[in-house]
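In: need coordinates for the below:
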Amino acid sequence: MLLRTPYTFLTVASWLLLCLGMACSSGDSEPSITKMEDLPSLPEEPKKQELPRSVSMEKRDVTLALVGEVRGEIEPCGCPTLPFGGFERRGTQLGKLRDSGAGPVFHIDAGDTLVKGLSTKRIDKLETRAREILKLSKMVGVDVWIPGSSDLIALAPDELAAAPGPHRISATWIQPDGESLLPATAVLERDGFKLAVIGLSGPPPSHVELDYMTPLRATEKAMKSIPKDVDWIIGVSNLNDDEIAALSREKTGLSAIFSTRGNRYDTPTLTTQSTPIIETPDRGRYLQVIHARLGSAASTPLLLHPDAPTWRARLSAVRRGEDDKLNEDGKGRNLGLINTVPLSADLDKTGAISDRLVKYKADRRVEAAKNAGHTKPHTPTYASSGACVNCHSSEFARWALTGHAQAWLALVQRKETENPECVGCHTTAYGEPGGLGELTASNIRKFKGVQCEMCHGPLAGHPSDPNVTAKPIQESDCIRCHDEANSPDFDFETYLPRASCQGGAPSIIPKPPDP
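Out: Numbering: from 1, shown residues only. Have a look, this model is predicted:
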């Protein structure tokens with residue numbers, strides 16, 4: 001109310017001017033006046049990067065959907081912070097891409113697909129799971145698969161070459177007789193678009209009798225078999241960081257190299273100096289989607305569009321049938337936009353893939369019950385913590401306050417108590433001889449939670465049988481469940497006191513030094 005009258009306004013204004021004059025006249029020095037020429041110059045606006053152009057050709061649109069290092073994950077696990085992934089969700093997202101993508105959609109698996117962590121506890125055999133994953137990969141629409149070295153742990157070379165599933169290629173794996181184990185290349189054709197793919201597998205494991213052709217030599221040899229009329233030539237690899245970096249510096253005729261993530265995932269960036277490397281996140285939890293507008297030769301290096309928002313707006317205009325403003329940008333260039341799509345819960349959808357997963361899990365439950373019933377004489381079996389508490393009540397009390405004791409509750413909350421993908425790490429001795437078999441109420445009461453014998457081994461008969469003794473805790477036992485995928489922050493030394501029955505002072509076998 002006070003400032004609404006003219007008189008009050010003039011009074012306040014006069015007071016402010018008086019104070020300002022007193023401030024300026026205080027002291028003996030003259031007031032400092034800053035001149036315009038004394039002010040620092042404004043930073044120059046960054047110059048727009050001019051992308052190189054090559055031979056100009058008729059534009060072609062294509063979409064790639066890439067996965068790599070799926071590592072046996074058939075569905076999302078609830079343990080990580082972001083439970084993304086799974087074949088069912090991937091199939092749903094691929095359907096969306098095919099409905100709305102610019103140009104044909106090709107789905108490629110860069111390898112290391114079959115083995116769910118070399119240490120992860122599983123109730124199924126490596127080969128059984130590997131064959132199932134290949135069938136799921138075929139169902140979800142993988143057009144070509146480049147096997148990685150870990151895939152040869154699940155299947156021997158001849159089995160890997162012959163097993164039902166998606167088409168597979170590798171230019172680097174050579175049999176002892178000098179013949180290639182798999183075709184070096186594949187030419188995929190859809191909606192009139194021809195995509196040439198060269199497969200670059202990493203070195204095979206030492207126990208596998210396969211020779212290894214260097215990636216550069218393999219690429220140069222494979223390029224000779226590529227037809228002249230293809231629209232795009234790419235390499236797909238699971239090479240290590242050094243090998244793929246060296247290959248990208250060579251002029252091989254590859255427009256781009258799509259790869260597994262290597263030691264760490266590097267966000268794709270614009271480069272005009274070499275063949276670009278575009279990695280995909282691991283575990284099949286994301287689809288790495290590459291929208292490409294090809295306006296140059298099949299081997300012209302792919303340029304990642306420097307202005308992603310503009311690209312998306314223009315791509316949307318193309319889909320709506322409006323003026324194609326990408327034409328000018330794309331003349332004489334192969335342009336690409338990367339979009340990493342999480343496979344989240346909104347993609348859940350029932351269908352043929354989910355039906356197959358239901359059957360697969362039912363078969364695994366039957367297998368677990370069968371294994372649990374197969375006990376051999378003089379072989380230690382499982383007593384459960386109910387037997388241990390009789391002599392080790394203080395240790396049992398400490399364990400009862402740990403997360404291991406509450407592990408089953410997590411499955412109850414997530415309604416996953418019949419999922420063999422989860423039960424093995426939230427109970428004790430699932431599918432082990434004399435352990436948890438059929439998931440009945442009585443069996444679950446006996447073996448729920450991560451009990452003593454998960455760390456100390458089977459102890460039925462202890463202490464009366466001197467041959468049955470508790471083994472020290474080893475990190476190799478822990479990482480069967482606390483693997484990189486489902487427990488990425490696991491640290492043996494710090495996790496152990498929180499889970500140990502010995503109050504933070506357990507007997508442990510230290511991790512051996514790196515060779």
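
In: use CA for all of it now, contacts and neighbours both
Out: OK.

In: pull the number of nearby residues for residue 287.
Out: As a burial measure, residue 287 scores 24 neighbours (other Cα atoms under 10 Å).

In: that one and residue 343 touch, don't they?
Out: Yes: Residue 287 lies in contact with residue 343 (Cα atoms under 8 Å); the separation is 7.2 Å.

In: next, show the common contact partners of these two.
Out: residue 90 (Cα atoms under 8 Å, 6 or more residues apart in numbering).

In: quick one: residue 133 is in a strand?
Out: No: checked against DSSP: H, G, I helix; E, B strand; the rest coil, residue 133 lies outside a strand; its state is helix.

In: can you give me the distance of the closest residue to it other than its chain neighbours to residue 423?
Out: Nearest residue to residue 133 in three dimensions, chain neighbours excluded: residue 114, at 6.5 Å (Cα to Cα, 6 or more residues apart in numbering). Per Cα to Cα, to the nearest Å, residue 114 is found 20 Å from residue 423.

In: how about the strands of the stretch 401-515 of the chain, start to end?
Out: Taking DSSP state E, counting those that start in this stretch, the strands of the stretch 401-515 of the chain run over residues 473-474, 508-509.

In: can you point me to the longest helix in this structure?
Out: Ranked by residue count, the top helix of the chain under DSSP state H comes out as helix 352-373.

In: avg pLDDT for that helix?
Out: What helix 352-373 shows for mean pLDDT is 94.

In: who are the packing partners of it?
Out: helix 87-100, helix 126-140, helix 420-426 (3 or more Cα pairs under 8 Å, 6 or more residues apart in numbering; DSSP states H and E).

In: got a list of contacts for whichever helix or strand comes after the longest one?
Out: Remark: after helix 126-140, the chain's next helix or strand is strand 144-145, criterion DSSP states H and E. Applying Cα under 8 Å, 6+ apart, the contact partners of strand 144-145 are 107, 108, 109, 110, 111, 166, 167, 168, 169, 186.

In: circling back to that earlier point, from the middle of its chain, how far away would the longest helix of the chain be?
Out: Relative to the mean C-alpha coordinate of its chain, helix 352-373 is positioned 25 Å out (Cα atoms, centre = their mean, to the nearest Å).

In: quick one on the thing from earlier: tell me the phi and psi of the residue nearest to residue 133?
Out: Phi and psi for residue 114, reported as degrees, to the nearest 10, are phi -90, psi -30.

In: that one: how many residues sit nearby?
Out: Neighbour tally, residue 114, other Cα under 10 Å: 28.

In: that one and residue 383, how far apart?
Out: For residue 114, the distance to residue 383 equals 34 Å [Cα to Cα].

In: for residue 472, same thing?
Out: 18 Å.

In: mind checking which of those two has more residues around it?
Out: residue 383 (19 against 12).

In: so for the closest residue to the more buried one other than its chain neighbours, what's the pLDDT?
Out: Excluding the flanking residues, the one nearest residue 383 by Cα to Cα, 6+ apart is residue 460, at 4.5 Å. You'll see residue 460 listed with a pLDDT of 93.

In: wait, doesn't residue 460 sit right on residue 386?
Out: No: assessed by Cα under 8 Å, residue 460 is found out of contact with residue 386, at 11.1 Å.

In: if we can go back for a sec, would you mind finding the most buried of the helices and strands packed on helix 352-373?
Out: helix 420-426 (a mean of 23; mean count of other Cα atoms under 10 Å).

In: starting at the chain centroid, how far to it?
Out: Centre-to-centre, helix 420-426 and its host chain are 21 Å apart (Cα atoms, centre = their mean).

In: just to revisit the earlier point, and the strands of the stretch 401-515 of the chain, which one is worst for confidence?
Out: Looking at those, the bottom one is strand 508-509 with a mean of 50.

In: next one: phi and psi at residue 199?
Out: Main-chain dihedrals, residue 199, degrees, to the nearest 10: phi -90, psi 130.

In: give the contact list for it.
Out: Taking Cα under 8 Å, 6+ apart, we find residue 199 in contact with 146, 169, 170, 171, 172, 184, 185, 235, 236, 237.

In: what are the bridge partners for it, then?
Out: Listed by DSSP bridges, the beta-bridge partners for residue 199 are residue 236.

In: these two touch, right, residue 399 and residue 497?
Out: No: look at residue 399 against residue 497 with Cα under 8 Å: they stay out of range, at 10.3 Å.

In: have a look at those two and say which one is more surrounded.
Out: Between residue 399 and residue 497, residue 399 has the larger neighbour count (other Cα under 10 Å), namely 22 against 15.

In: distance of that one from residue 420?
Out: Residue 399 is 24 Å from residue 420, by Cα to Cα.

In: what is the neighbour count of residue 406?
Out: Residue 406 has 17 nearby residues by other Cα under 10 Å.

In: how long is stretch 264-274 from one end to the other?
Out: For stretch 264-274, the end-to-end distance is 20 Å (Cα to Cα).

In: then stretch 442-452?
Out: Across stretch 442-452, the terminal residues are separated by 19 Å (Cα to Cα).

In: residues in contact with it?
Out: Outside stretch 442-452, the residues that reach it (Cα under 8 Å, 6+ apart) are 384-386, 388, 404-408, 425-429, 435-437, 501.

In: mind listing what's buried in it?
Out: 444, 446, 447, 448, 449, 450, 451, 452 (16 or more other Cα atoms under 10 Å).

In: tell me how far that stretch is from the chain's mean position?
Out: 32 Å.

In: can you tell me how far the residue lying closest to residue 59 once chain neighbours are set aside sits from residue 111?
Out: Excluding its sequence neighbours, the residue lying closest to residue 59 (Cα to Cα, 6+ apart) is residue 295, at 4.5 Å. In this view, residue 295 and residue 111 are 29 Å apart by Cα to Cα.

In: between the two, which has more neighbouring residues?
Out: For residue 295 and residue 111, the more surrounded residue by other Cα under 10 Å is residue 111, and the numbers stand at 30 against 27.

In: pLDDT wise, what is that one at?
Out: pLDDT, residue 111: 96.

In: C-terminal to the longest helix of the chain, what's the next element?
Out: helix 385-388.

In: send me stretch 227-245 as PDB with only the CA atoms.
Out: In PDB, the C-alpha atoms belonging to stretch 227-245 read as follows (Å, rounded to 0.1, in the frame of the first residue of the first chain):
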ATOM      1  CA  PRO A 227      29.200 -57.800 -54.700                       C
ATOM      2  CA  LYS A 228      29.500 -54.500 -56.500                       C
ATOM      3  CA  ASP A 229      25.800 -53.600 -56.200                       C
ATOM      4  CA  VAL A 230      25.500 -53.500 -52.400                       C
ATOM      5  CA  ASP A 231      24.200 -50.300 -50.800                       C
ATOM      6  CA  TRP A 232      26.300 -50.400 -47.600                       C
ATOM      7  CA  ILE A 233      29.400 -52.300 -46.400                       C
ATOM      8  CA  ILE A 234      29.900 -52.700 -42.600                       C
ATOM      9  CA  GLY A 235      32.000 -54.800 -40.200                       C
ATOM     10  CA  VAL A 236      30.500 -56.300 -37.100                       C
ATOM     11  CA  SER A 237      32.900 -57.500 -34.400                       C
ATOM     12  CA  ASN A 238      33.600 -58.600 -30.900                       C
ATOM     13  CA  LEU A 239      37.300 -57.700 -31.100                       C
ATOM     14  CA  ASN A 240      39.200 -56.300 -28.200                       C
ATOM     15  CA  ASP A 241      39.800 -52.600 -27.900                       C
ATOM     16  CA  ASP A 242      43.300 -52.600 -29.400                       C
ATOM     17  CA  GLU A 243      42.400 -54.800 -32.400                       C
ATOM     18  CA  ILE A 244      39.400 -52.800 -33.300                       C
ATOM     19  CA  ALA A 245      41.200 -49.400 -32.900                       C
END
